[in-house]
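[1] Give me coordinates for this.
(chains A, B, C and D)
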Protein chains: 2
Amino acid sequence: MRMSELSAATGAPVATLKFYLREGVLHPGESLSRTQARYDESHVERVRLIRALMDTGGLSMAATRSVLAAVDDPPPERHELLGVAARALTGDTAPVSDPELTERTWSWIHERGWHIAPDETLVARLTNQVQAARSAGIDVTWERLGQYADAMDRVADADIASVPVDRGEALRYVVVGTVMVDPVLQTLRRLAHQNRSAGSVGKGGPQPRPAATAAVSSSPDQRPETPGQPAR
Amino acid sequence: MRMSELSAATGAPVATLKFYLREGVLHPGESLSRTQARYDESHVERVRLIRALMDTGGLSMAATRSVLAAVDDPPPERHELLGVAARALTGDTAPVSDPELTERTWSWIHERGWHIAPDETLVARLTNQVQAARSAGIDVTWERLGQYADAMDRVADADIASVPVDRGEALRYVVVGTVMVDPVLQTLRRLAHQNRSAGSVGKGGPQPRPAATAAVSSSPDQRPETPGQPAR
DNA sequence: TTGACTTGGAGAGTACTACTCCCCAATATG
DNA sequence: CATATTGGGGAGTAGTACTCTCCAAGTCAA
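    Model prediction:
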């Protein structure tokens, strides 16, 4: 497969592929001569992965690079992987402004029985986010945070349950999955909001707390197609 | 309060405040003369809100503007508000590429008992995200999606429970809260991952599924301060 | 063999965003 | 009255993700 064919297979312009090569996010093809290189399925997958991480996952080029580096390198330690994905998605943490709030956040974590490494920067991030919410007039109480954390424990259960057994695959799955599922969760939250508020407006009433995990039927009823805004 | 004082109170440079005024996200102060204007507490709050939405919420200037417009205008309808917040956070939806997947997404929504307006672009977004995850090698099954949606129903419960009763306040709360809580949830998911994987490495074992919502104690044990990367 | 086309490599240019700087005349302020 | 500040506005800057242009070397079809 030549570069123009790779371009056709992925939908990315040749100029963009060259750019990815220069940036080091796409591995070079097998060089046949000074002006010819062969690309294969691994390149197609890689380009698709890059675009998924950047477009849907919202990662920057730099963040994408470090995610890919994590995926490529031999797995250091299992809990390190999650750290890589976490850091890649949201740059470095700004220094914590409020030490008292940080301390209370740690207390909250302990009270809820979570085991978190004491140097974890995620806690600093959480503290900053809670503070930012407050400065925006949204008081995120500890109780509310607890409800959110309960929900995220369930999400983590689902995340972990779907990780493949294979070592090398697991690495890629955890890192990429962490990034790609974030926007899905965000959209589902919006839909859950819709569902709850539709009930007070519409006829039937919403599903307040469905317990069962529904499987999709093989007989989809006729649905009007979603129009979707044409241009961006 | 003059502009330089507003700057001191918010930490935003005067040039930035002028920029916000030009961009229309900050309302002008009371004009005392051609070269003097008075700003008040409402301006301080507004600037803080702008910075929270942009820095923590990750909104662009344009998205921030539409969120603020939604907050300022008289509430159209309750379910409209959520739509505004949803749209503000993630631009317009790209056209759906796969109609079959869209249809299955709708079926899934129905099977789970959610009431969603049939023209909802969020469904298109969800479809695209699931497809993007697949093209990145992450197969988000309907069962897994169900687990995620269960968790998001709980999140939505917590969201709705904390909305104040006052009409005007509720508007602001829902829109801003939707935006500001997203990053919190993201961080909590990372922490939940940490907790689960720390158990297989550390000593005590993680809290697999804590049921109780813990309140924070008034006697926080001494915690080593989180260092945090100094520079960005 | 020849001539159109493609390739890798690299520099420069573009579009967009969120500021940031600079200048001005008209006031405030000491 | 001298100095400083203000609002207003245009222009400049830094960062990001491309996109374009050029080039000589190499490939392919006729």
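[2] what does chain A have sitting close to DNA strand D?
    Residues of chain A lying near DNA strand D by C-beta under 7 Å from any atom of the strand: A:13, A:15-16, A:18-19, A:32-36, A:54, A:60-62. Heads up, the C-betas are built off the backbone N, CA and C, glycines and all.
[3] Now tabulate those residues in a markdown table and tack on distance to DNA strand C and pLDDT.
    Formatted as a markdown table, the residues of chain A next to DNA strand D follow (distance: C-beta to the nearest atom of the strand, whole Å; pLDDT from 0 to 100):
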| residue | distance to DNA strand C | pLDDT |
| --- | --- | --- |
| A:13 | 11 | 94 |
| A:15 | 7 | 94 |
| A:16 | 11 | 95 |
| A:18 | 6 | 94 |
| A:19 | 7 | 96 |
| A:32 | 8 | 84 |
| A:33 | 8 | 83 |
| A:34 | 7 | 81 |
| A:35 | 3 | 81 |
| A:36 | 5 | 85 |
| A:54 | 15 | 95 |
| A:60 | 13 | 92 |
| A:61 | 12 | 94 |
| A:62 | 15 | 92 |
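[4] Which ones among those map onto helices?
    The members of these that map onto helices under DSSP state H are A:15, A:16, A:18, A:19, A:61, A:62.
[5] Stretch A:119-132 near chain B at all?
    Yes. Legend: contact between stretch A:119-132 and chain B by C-beta under 8 Å from any C-beta of the partner chain is shown at A:119-130, A:132.
[6] which of those sit farthest apart?
    A:119 and A:132 (22.1 Å; C-beta to C-beta).
[7] For stretch A:59-75, buried residues please.
    A:59, A:63, A:64, A:65, A:66, A:67, A:68, A:70, A:71, A:75 (16 or more other C-beta atoms under 10 Å in any protein chain shown).
[8] Which ones among those residues lie within helices?
    Filtering the buried residues of stretch A:59-75 for helices - DSSP H - leaves A:63, A:64, A:65, A:66, A:67, A:68, A:70, A:71.
[9] picking that back up, of the buried residues of stretch A:59-75, which one scores lowest on pLDDT?
    Least confident of the buried residues of stretch A:59-75 in the model: residue A:75, at 58.
[10] before we move on, back to that, with distance to residue A:173 added, can I get the residues of stretch A:119-132 next to chain B in CSV?
    Output for the residues of stretch A:119-132 next to chain B, formatted as CSV (distance: C-beta to C-beta, whole Å):
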residue, distance to residue A:173
A:119, 26
A:120, 22
A:121, 23
A:122, 20
A:123, 25
A:124, 27
A:125, 24
A:126, 25
A:127, 30
A:128, 29
A:129, 27
A:130, 30
A:132, 31
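[11] Show me how the record splits chain A into domains.
    A:3-56, A:84-195 (automatic domain parsing).
[12] Next, the distance between the ends of the shortest one.
    Just to be clear, that refers to domain A:3-56. 24 Å (C-alpha to C-alpha, to the nearest Å).
[13] can you check stretch A:53-63 too?
    For stretch A:53-63, the end-to-end distance is 9 Å (C-alpha to C-alpha).
[14] what's the answer for stretch A:56-64, then?
    Stretch A:56-64 end-to-end distance (C-alpha to C-alpha) = 12 Å.
[15] is chain B contacted by it?
    Yes. Part of stretch A:56-64 sits near chain B under the criterion C-beta under 8 Å from any C-beta, namely A:56, A:57.
[16] what residue is smack in the middle of chain A?
    residue A:179 (1.9 Å; C-alpha atoms, centre = their mean).
[17] quick one: pLDDT of that one?
    92.
[18] Wasn't it part of a helix?
    Yes. Under DSSP: H, G, I helix; E, B strand; the rest coil, residue A:179 falls within a helix.
[19] What about the closest residue to it other than its chain neighbours, how many residues nearby?
    Nearest non-adjacent residue to residue A:179, counting by C-beta to C-beta, 6 or more residues apart in numbering or on different chains: residue A:57, 4.3 Å away. Neighbours of residue A:57 under the rule other C-beta atoms under 10 Å in any protein chain shown: 25.
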